[in-house]
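> Sequence plus predicted model, see below.
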Amino acid sequence: MPLPNAPTQKPNNSNVRAQANNELLIKGILCTLIGLGVLVSPYFITSPGMQGIVAKSVLVGWFALVLGLAFIGLYLRRRLSKS
């Protein structure tokens, strides 16, 4: 079985970087939304048992929020340094 031919063109590095930056922004937004959801949801849950369970996961909520904000900050830093 012969090997496939080598690609004739190299991928454009600016497109790869732009795609990586966009993925970083998406990850940041999703992590921030998850963190906010975990932190705010105990105030809207009516069941005391479920409210207690979700309230115990506040550390996870803060971690997701900080991680999401860090991703967004990294995206903004890359975007501003490129300009």
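That came through, no problem.

> Surely residue 71 and residue 33 touch.
No: with contact defined as Cβ atoms under 8 Å, residue 71 does not count as touching residue 33 (11.9 Å). The way it works is simple: take the backbone N, C-alpha and C, and place the C-beta from them, glycine included.

> and these two? which has more neighbours close in?
Neighbour comparison, residue 71 and residue 33: the larger count goes to residue 71, with 20 against 13 (by other Cβ atoms under 10 Å).

> what does stretch 52-64 contact?
The contact list for stretch 52-64 (Cβ atoms under 8 Å, 6 or more residues apart in numbering) reads 31-32, 34-39, 41-42, 45.

> Now go through those and say which are in helices.
31-32, 34-39 (DSSP state H).

> Could you export the helix or strand of the chain with the lowest mean pLDDT as CSV, CA atoms only?
Of all regular secondary-structure elements in the chain, judged by mean pLDDT, DSSP states H and E, the least confident is helix 48-55 with a mean of 87. What follows is helix 48-55 as a C-alpha-only set of coordinates in CSV (Å, rounded to 0.1, in the frame of the first residue of the first chain):
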residue,chain,number,x,y,z
PRO,A,48,-33.9,22.8,50.1
GLY,A,49,-32.0,19.5,49.5
MET,A,50,-31.0,20.3,46.0
GLN,A,51,-30.2,23.9,47.0
GLY,A,52,-27.7,22.5,49.6
ILE,A,53,-26.1,20.2,47.1
VAL,A,54,-25.6,22.9,44.6
ALA,A,55,-24.4,25.3,47.3
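
> C-terminal to it, what's the next element?
In the C-terminal direction, the helix or strand that comes right after helix 48-55 (DSSP states H and E) is helix 58-82.

> Apart from its chain neighbours, what residue comes closest to the spatially most central residue of the chain?
When the chain is reduced to its mean C-alpha position, the nearest residue by Cα atoms, centre = their mean turns out to be residue 27, at 1.8 Å. Spatial nearest neighbour of residue 27, chain neighbours left out: residue 71 (5.2 Å); criterion: Cβ to Cβ, 6 or more residues apart in numbering.

> All set, thanks.
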